[in-house]
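Task: produce atomic coordinates for the following.
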Amino acid sequence: MGRFEAFVGVNFWTALFVLLNTLTIYFVAKKFLFGPVMKIIHDRQQEIDDMYAQAQSAQDSAKALESEYQTKLETAQETSDRLVKEAVARGKSREEEIIRQANREADAIREKASADIAREKKQAVSEAKNEISSLAMEIAGKVVGQSLDAARQEQLVDSFLEELGEQP
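Okay, here's the model as predicted:
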């Protein structure tokens, strides 16, 4: 063995001792180092998996809320459009009612004005008739030199006015 040791330069007992030390260090490291390190790595992996699961859950929840809010927004938009249409329809209806009311009031004012004009015209004709009859009686009284009674006077005035009314 002397030549082999001289050629390789390794003592068999030294190599065996190094191998046993290495195995001892390996088993001690496995028991006290690899186990806790693997436990830390496993715990960290579990924590990361939990974080991904929570993130996925939060993302799913956010999508559900987004869908719900989108539905509510569409419903609100439809309600808003419907309310605007109803308000426009009520406004148009109210506008038409106001116009009809204004037309009725205008017609009533026109009818009242026509009635007032007819009454005033009748009153003016009556006053003119009374003035003309009194003037005519005075003139007739002066011309004839006599006074007429009221019934005869009214009969003469009526016949005079009828003659005036028949002339164009």
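
tell me the helices in the chain, going along the chain?
Applying DSSP state H to the chain gives helices spanning 2-8, 12-29, 35-144, 150-166.

Take the ones you listed and write them to a markdown table, including mean pLDDT and mean neighbour count.
Glycine gets a C-beta too; all of them are placed from N, C-alpha and C. Shown next, in a markdown table, are the helices of the chain (pLDDT from 0 to 100; neighbours: other CB atoms under 10 Å):
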| stretch | mean pLDDT | mean neighbour count |
| --- | --- | --- |
| helix 2-8 | 63 | 9 |
| helix 12-29 | 91 | 11 |
| helix 35-144 | 88 | 10 |
| helix 150-166 | 72 | 12 |
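
Just give me how far stretch 71-81 sits from the chain centre.
11 Å (CA atoms, centre = their mean, to the nearest Å).

Let the chain start at 24 from now.
Sure thing, new numbering starts at 24, so read that last one as stretch 94-104.

which residues sit against that stretch?
With contact meaning CB atoms under 8 Å, 6 or more residues apart in numbering, stretch 94-104 is reached by no other residue.

Could you export it as PDB, CA atoms only?
The C-alpha trace of stretch 94-104 is given here as PDB (Å, rounded to 0.1, in the frame of the first residue of the first chain):
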ATOM      1  CA  THR A  94     -76.200  46.500 -13.800                       C
ATOM      2  CA  LYS A  95     -77.200  49.100 -11.300                       C
ATOM      3  CA  LEU A  96     -75.800  51.800 -13.500                       C
ATOM      4  CA  GLU A  97     -77.700  50.600 -16.500                       C
ATOM      5  CA  THR A  98     -80.900  50.400 -14.500                       C
ATOM      6  CA  ALA A  99     -80.300  53.900 -13.200                       C
ATOM      7  CA  GLN A 100     -79.700  55.100 -16.700                       C
ATOM      8  CA  GLU A 101     -82.900  53.400 -17.900                       C
ATOM      9  CA  THR A 102     -84.800  54.900 -15.000                       C
ATOM     10  CA  SER A 103     -83.300  58.300 -15.700                       C
ATOM     11  CA  ASP A 104     -84.300  58.100 -19.400                       C
END
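
With that, I have no additional questions.
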